[in-house]
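could you look at this predicted model? Sequence included:
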Amino acid sequence: MRYTGETCPYCKVEFTEQDDVVVCPDCGTPHHRVCWFAHGECAAADKHGDGYVWQKSAEPEQHQETKTEERPHSHNESNLDVICPDCGESCPNGSLRCPKCGAVFIPFVNPMGVPPVAQFKPGFDSNENIKGLKSGDIALFCRTAGASYIKKFRKKCSWNWAAFLFSPYWFFYRKLYKAGALFFAAFISLNLLLIPANSFVNNRSSAFVADCEKYAVEQLGESDQSSADSYLAKTELYGEFAMNNRTRFVNEMLKPMLLVYGLIFLMLVLKVVAALMADKLYFKKACAEIRRVRSISSDERTVQLELFRKGGTNIFFGTGSYLISDLLILAASNFMTR
């Protein structure tokens, strides 16, 4: 790699053979790809108007390799450690990828060489007090859709469409495992009750409709039953049969259908409850984690990395819970309808 041994102008880390490098199209300055996207422009952008062109360092390659080898990577020095947000591995400061799981680190802005801390978008007040928590801590904990959840946490009551549409899987996705387990059990129970209820309705209603059809055919005789007049006549005869067999109609048609619709209504109610409780439960978890992390460390960088690791989402549990529920309902349906 032609940039091996050169230094990224943003993170001040030397390039290696494995690094993904982006070169400025105007001046040729190399950057780590994650650094380029983190800052959105070339580090030498202010020099472009003067015709600046990046030049490769004249330092011998052998000396550069020696320098790279001598760079400290002590895991015992906590101020040099970077905690991988995906697997929790402790990595040397300046690492762009986790050596254990391969996760890409987005480098923090560190212009003065001080221990790096998160930088937020202009206009965002990371010190805003939201019910006793700093908005910056909440943003780091949520990771995805942080701004949206901060707005919700300011309110006394909020509605979560994701929890309504994707319950109970949303709770597992947001690492609310206890709440997810409770809603999961409730949804599975209602679905398992719905399977025999549907089967009961189909069996009872099929027998009743067959008798209605038989009665209509007997009354109409050999007339052309495909005509519009015959269709209307059959409809009237169905109603007549139902009126003459009101008790049977209630027991075999109406009550089973009400049972099915009642279970469907309970599932809808459960989704509404999930949507109303989701943000409160998520904020409660954020409070507990943020206060716990703040109580065990006073180092801002360590706090932010730990919040980043503990928060966020878990797509594996989210999709996994969906697949498990699907398999359970399918297996139960096959078993009950044999």
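That came in fine, so what should we check first?

now do the strands in the stretch 51-200 of the chain.
For the stretch 51-200 of the chain, the strands defined by DSSP state E, counting those that start in this stretch cover 81-83, 90-92, 129-130, 133-134.

lowest-confidence stretch among the ones you listed?
The minimum mean pLDDT among those belongs to strand 81-83 (a mean of 58).

for this protein, which segments count as helices?
Per DSSP state H, the chain carries helices over the ranges 33-39, 61-69, 135-142, 146-153, 161-166, 169-173, 177-220, 228-244, 246-249, 255-296, 300-310, 315-336.

and this structure, what are its domains?
As given by automatic domain parsing, the domain ranges for the chain are 1-71, 73-104, 169-211+245-336.

worst mean pLDDT among the helices of the chain?
Looking at these, the weakest mean confidence is helix 61-69, a mean of 44.

what number of residues lie near the nearest residue to residue 167 once chain neighbours are set aside?
In this structure, residue 167 finds its nearest non-sequential neighbour in residue 274, 4.0 Å apart by CB to CB, 6 or more residues apart in numbering. Using the backbone N, CA and C atoms, a C-beta is placed for each residue, glycine as well. Neighbourhood size, residue 274 [other CB atoms under 10 Å]: 26.

residue 274 contacts residue 164, doesn't it?
Yes: assessed by CB atoms under 8 Å, residue 274 is found in contact with residue 164 at 6.5 Å.

what's next to stretch 269-282, contact-wise?
Outside stretch 269-282, the residues that touch it by CB atoms under 8 Å, 6 or more residues apart in numbering are 149, 152-153, 157-165, 167-168, 170-171, 174, 176, 179, 183, 186-187, 190.

now with 7 Å?
Identification of contacts with stretch 269-282 by CB atoms under 7 Å, 6 or more residues apart in numbering yields 149, 152-153, 158-161, 163-164, 167-168, 170, 174, 176, 179, 183, 186-187.

could you give the separation of that stretch from the chain centroid?
In this view, stretch 269-282 has its centroid 16 Å away from the chain centroid, taken as CA atoms, centre = their mean, to the nearest Å.

pull out the buried residues from it.
The neighbour-count check on stretch 269-282 (16 or more other CB atoms under 10 Å) flags 270, 271, 274, 275, 277, 278, 279, 281, 282 as buried.

TSV for those, including distance to residue 328?
Below are those laid out as TSV (distance: CB to CB, whole Å):
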residue	distance to residue 328
270	17
271	18
274	19
275	23
277	24
278	23
279	28
281	24
282	26
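
nearest to residue 11, out of those: which one, please.
Nearest to residue 11 among these: residue 282, at 32.8 Å, using CB to CB.
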